[in-house]
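# show me how the following folds:
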Amino acid sequence: MLPGVGPETERRIWAQGVRSWEDLMSVASIDGISRRRLDELKSHAGSISESVVKGETESLAALLPPSEQWRLLGGWNDGYACLDIEVARISGKFAPVVISIFRGEECKTLVRGDDLYWSAFDALMSDAEFLVTFNGSSFDLPLLERCGFRVEKPVHLDLRRFCRRGGLSGGLKSIEGELGIRRERELEYSTSEQVSYLWKLWESNGSKNALDLLIAYNQRDASSLRVIAKEIYRRCSEICNRFQL
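Coordinates of the predicted model:
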């Protein structure tokens, strides 16, 4: 996050016992770094620490290369929004029918034909520090945008891109299995065809059971993202800590 400090320089700094922002701010000297350069680094470190206190995730994300943005998951446990959608084929095209947004310990769900409209969606997302999805870059967000639900969050962490770094592979359900996340039997498996079938049961026949099952499945996906995000942060942090030893 410091300008001009790459992995090799960072490891040399660690080797001299400087392993945190606090260490950097208080150290008198670092071998291989001039006093003027050290003062510049301390100034940058002060600005970064201030951004952390203020929760300025956009400016912090801009300082991190995309491969390192998983670090943001450790600072805003209740501030980020986990988003997942379920889509059904309507008039020959796929469209979102249920959207769940998990924040803190609460999950809110919007349903097509009821409260799934832009203002409600924007209200749920407006004060989130950043957005977390699984494969949202390729699927959820492009589809939402085509349907008029443009996500305005400048910081979006797609967990799928960080899973391999943390030793996790496969789709969402596969990763849940690796982490021991258990689902109720009726929520274990679903396909786009099943979602379309359940939605048709609700829309055409008014089957409340079908809608409830669809909502429950969607909420389970959204809440799993929080668990996976925490595990990715833990695993990636452990890998980084090994470099500091």
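# now residue 157: phi and psi?
Per-residue torsions, residue 157: phi -110, psi 110 (degrees, to the nearest 10).
# quick check: it touching residue 129?
No - the criterion here is CB atoms under 8 Å, and residue 157 misses it with residue 129 at 10.6 Å. Glycine gets a C-beta too; all of them are placed from N, C-alpha and C.
# and stretch 90-109, what's buried?
Going by neighbour count (16 or more other CB atoms under 10 Å), the buried part of stretch 90-109 is 94-103, 107-109.
# quick one: end-to-end distance for that stretch.
20 Å (CA to CA, to the nearest Å).
# name the helices or strands packed onto the lengthiest helix in the chain?
When the chain is parsed with DSSP state H, its longest helix is helix 208-244. With contacts defined as 3 or more CB pairs under 8 Å, 6 or more residues apart in numbering; DSSP states H and E, helix 208-244 has these neighbours: helix 7-15, strand 81-90, strand 93-103, strand 106-111, strand 131-133, helix 160-163, helix 172-178, helix 192-205.
# low-scoring stretches of this protein, by residue?
When residues are selected by pLDDT under 70, those of the chain lie in 76-78, 188-191, 243-245.
# any figure for the gap between the residue most central in space within it and residue 30?
Nearest to the mean C-alpha position of the chain, by CA atoms, centre = their mean, lies residue 132 at 2.4 Å. Using CB to CB, to the nearest Å, we find residue 132 at a distance of 36 Å from residue 30.
# likewise residue 153?
Applying CB to CB, the value for residue 153 to residue 30 is 37 Å.
# hang on, the earlier thing: output the buried residues of stretch 90-109 as JSON lines; include the columns distance to residue 35.
Conversion of the buried residues of stretch 90-109 to JSON lines gives the following (distance: CB to CB, whole Å):
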{"residue": "94", "distance to residue 35": "60"}
{"residue": "95", "distance to residue 35": "61"}
{"residue": "96", "distance to residue 35": "57"}
{"residue": "97", "distance to residue 35": "62"}
{"residue": "98", "distance to residue 35": "59"}
{"residue": "99", "distance to residue 35": "54"}
{"residue": "100", "distance to residue 35": "53"}
{"residue": "101", "distance to residue 35": "49"}
{"residue": "102", "distance to residue 35": "48"}
{"residue": "103", "distance to residue 35": "46"}
{"residue": "107", "distance to residue 35": "52"}
{"residue": "108", "distance to residue 35": "53"}
{"residue": "109", "distance to residue 35": "57"}
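# ok, so of those residues, who is nearest residue 53?
For those, the minimum distance to residue 53 (CB to CB) is 21.1 Å, reached by residue 103.
# dump the residue contacts of the closest one.
Each residue near residue 103 by CB atoms under 8 Å, 6 or more residues apart in numbering is listed here: 78, 80, 81, 82, 124, 128.
# pairing partners for it in the sheet, please.
The bridge-partner assignment for residue 103, based on DSSP bridges, gives residue 106.
# residue 157 and residue 129: which is more packed in?
Taking other CB atoms under 10 Å, residue 157 and residue 129 do not tie; residue 157 has more neighbours (27 against 19).
# how many neighbours does residue 61 have?
Going by other CB under 10 Å, the residues that sit close to residue 61 add up to 18.
# just give the nearest non-adjacent residue to it, would you?
Nearest residue to residue 61, sequence neighbours excluded (CB to CB, 6 or more residues apart in numbering): residue 155, at 4.6 Å.
# buried members of the contacts of residue 103 into ChimeraX, please.
A single ChimeraX command selects the buried members of the contacts of residue 103 (16+ other CB under 10 Å):
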select :80,81,82,124,128
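# overlap in contacts, residue 157 and residue 129.
Listed as contacting both residue 157 and residue 129 by CB under 8 Å, 6+ apart are residue 80.
# phi, psi of residue 183?
Note on residue 183: its backbone torsions stand at phi -110, psi 150 [degrees, to the nearest 10].
# one more: residue 167?
As for residue 167, its main-chain torsions (degrees, to the nearest 10) stand at phi 80, psi 20.
# many thanks, I have nothing further to ask.
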